[in-house]
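Chemist: no FASTA, just this:
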C-alpha cells in the first residue's frame, strides 16, 4: 500500500500544478488572484471525472465568467491553452519514449489488428503536434490584428474569433508560455510517475521491461477513452490497461488489478481537492445547470454594449 499512497500524493501534486498552469494561461491580459483560480480548477477537475467529453471545462469557463468577470472567449482560451500545451508536451514525451523503446517493439506480444509500428505512431503524433502549433501561430497572428469595429460578426463566429484572439494573446506572451511549458513538462513527469509507482502494487512483470513505455500507452489510451466515458466509471482506464499491458505479457486479471489501483490513485485526489470547492459553488448557484446558464447571454449583452459604445464614440 506504500506505493499506492505515493502514487496518490504524486497525482495530487500534478493536479495542483495543472491548476497553477490554468492561472498562468490567463496572463497577461486577465490576471486574477491565484488561489480562487486554482479552486476553480479543482472544481473543474472533479466535474471532468464525473462527466464525459471534459464537461468540467465548461464549468471552469462559467465560473471564471461569473465569479471573476473573465470574458467567455478569454476563459475558453485559458482552458484550451492549458490543455493544448500539456497535450503537446506529452506527445513529444511519448515520441521520445517510442524512440528509446522502438528497438524492443518486435519483442512485444501484440495480438490482433490494432498493432502499429513505432514510426507510424511517431508520424501520427508529429501530425498532431504540427496541427497544434499551426493553430497557435494562426491565433497569435489573429491576435495582432484584432477587430474592434462595430460591424464585427455576432454569434458563434464572433465567439470563435474572439477565442482565437485571446488564445493568441496568451501564446504571444513568450515568458508565460515558457513557464507554462516548463510546468507542463513537470506535470507530465508527475503523471507518468504516478502510474509507474503503481506497477509494484500489483506485482506486474513486464516483458520487455519498459515500464515508462507501458504506462505512457495506458495514459494515452485512457485520455482518449475519457472523451466518451467519464473517468470515474473506470471502464476506459480498464480497457486501456488490458489492451496495452497485453503487449507486455501481462495477464488480464493483473491488468485489471492495475486499473483498479490507478482508479483509486487518480480519483481520491480529485475528490479530496475538488469536493469542497464544488459544494461551495453549488450552494451559491444551486446546480451545475444554473451555474453554466446565461453565460452566453451575458457575453452577448457585453458585446452589444461594446458595439453601442463604439458607435456613440463615433
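Modeler: Happy to help now that I have it. Everything quoted here is computed from the prediction, not taken from an experiment.
Chemist: could you show me where the helices are in the stretch 51-200 of the chain, in order?
Modeler: Secondary structure of the stretch 51-200 of the chain by DSSP state H, counting those that start in this stretch: the helices cover 56-68, 72-101, 118-143, 156-172, 174-198.
Chemist: which of these is buried the deepest?
Modeler: helix 56-68 (a mean of 22; mean count of other CB atoms under 10 Å). Every C-beta, even on glycine, is put in place using the N, C-alpha and C of the backbone.
Chemist: what sits up against it?
Modeler: For helix 56-68, contacts defined as CB atoms under 8 Å, 6 or more residues apart in numbering pick out 22, 26, 32, 36-37, 40-41, 43-50, 70-72, 74-76, 78-79, 83, 281, 285, 288, 291-292, 295, 298-299.
Chemist: what's the answer for stretch 267-287, then?
Modeler: 8, 11-12, 15-16, 39-40, 42-47, 49, 63, 66, 231-232, 288, 291.
Chemist: at 6 Å instead, please
Modeler: With CB atoms under 6 Å, 6 or more residues apart in numbering as the test, stretch 267-287 has contacts from 8, 11, 12, 15, 39, 42, 43, 45, 46, 49, 291.
Chemist: out of those, which comes closest to residue 177?
Modeler: Nearest to residue 177 out of the contacts of stretch 267-287 is residue 15 (CB to CB; 21.4 Å).
Chemist: quick one: residues contacting that closest one.
Modeler: By CB under 6 Å, 6+ apart, the contact list for residue 15 reads 45, 269.
Chemist: can you classify it by secondary structure?
Modeler: Assigned with DSSP: H, G, I helix; E, B strand; the rest coil, residue 15 falls in the helix class.
Chemist: that one and residue 123: what is the separation?
Modeler: 32 Å (CB to CB, to the nearest Å).
Chemist: now do residue 106
Modeler: Residue 106 is 19 Å from residue 123, where distance means CB to CB.
Chemist: in this protein, where's the longest helix?
Modeler: helix 252-285 (DSSP state H).
Chemist: just the angle between that one and helix 174-198, please?
Modeler: Interaxial angle, helix 252-285 versus helix 174-198 (axes from the mean of the first three to the mean of the last three CA atoms, to 10 degrees): 130 degrees.
Chemist: for helix 252-285, buried residues please.
Modeler: Of the residues in helix 252-285, 254-267, 269-270, 273-274, 277-278, 281, 285 count as buried by neighbour count, 16 or more other CB atoms under 10 Å.
Chemist: what sits against the residue lying closest to residue 105 once chain neighbours are set aside?
Modeler: Leaving aside its sequence neighbours, residue 105 sits nearest to residue 118 (CB to CB, 6 or more residues apart in numbering; 5.5 Å). Going by CB under 6 Å, 6+ apart, residue 118 touches 98, 102, 105.
Chemist: so what's the first one up against?
Modeler: Think residue 98. Contact partners of residue 98, counting by CB under 6 Å, 6+ apart, are 118, 121, 122.
Chemist: next one, pLDDT for the last one please.
Modeler: The reference is to residue 122. With respect to pLDDT, residue 122 has a value of 87.
Chemist: next up, the contacts around it.
Modeler: Here residue 122 is in contact with 95, 98 (CB under 6 Å, 6+ apart).
Chemist: from here on, count from 47
Modeler: Happy to do that; since the first residue is 47 now, the last one works out to residue 168.
Chemist: so how far is residue 143 from it?
Modeler: For residue 168, the distance to residue 143 equals 11 Å [CB to CB].
Chemist: how about the second one?
Modeler: Distance of residue 167 to residue 143, computed by CB to CB: 10 Å.
Chemist: equivalent analysis for the first one, please.
Modeler: As defined by CB to CB, residue 164 lies at a distance of 10 Å from residue 143.
Chemist: next, count neighbours for residue 59.
Modeler: Other residues lying near residue 59 total 17 when counted by other CB atoms under 10 Å.
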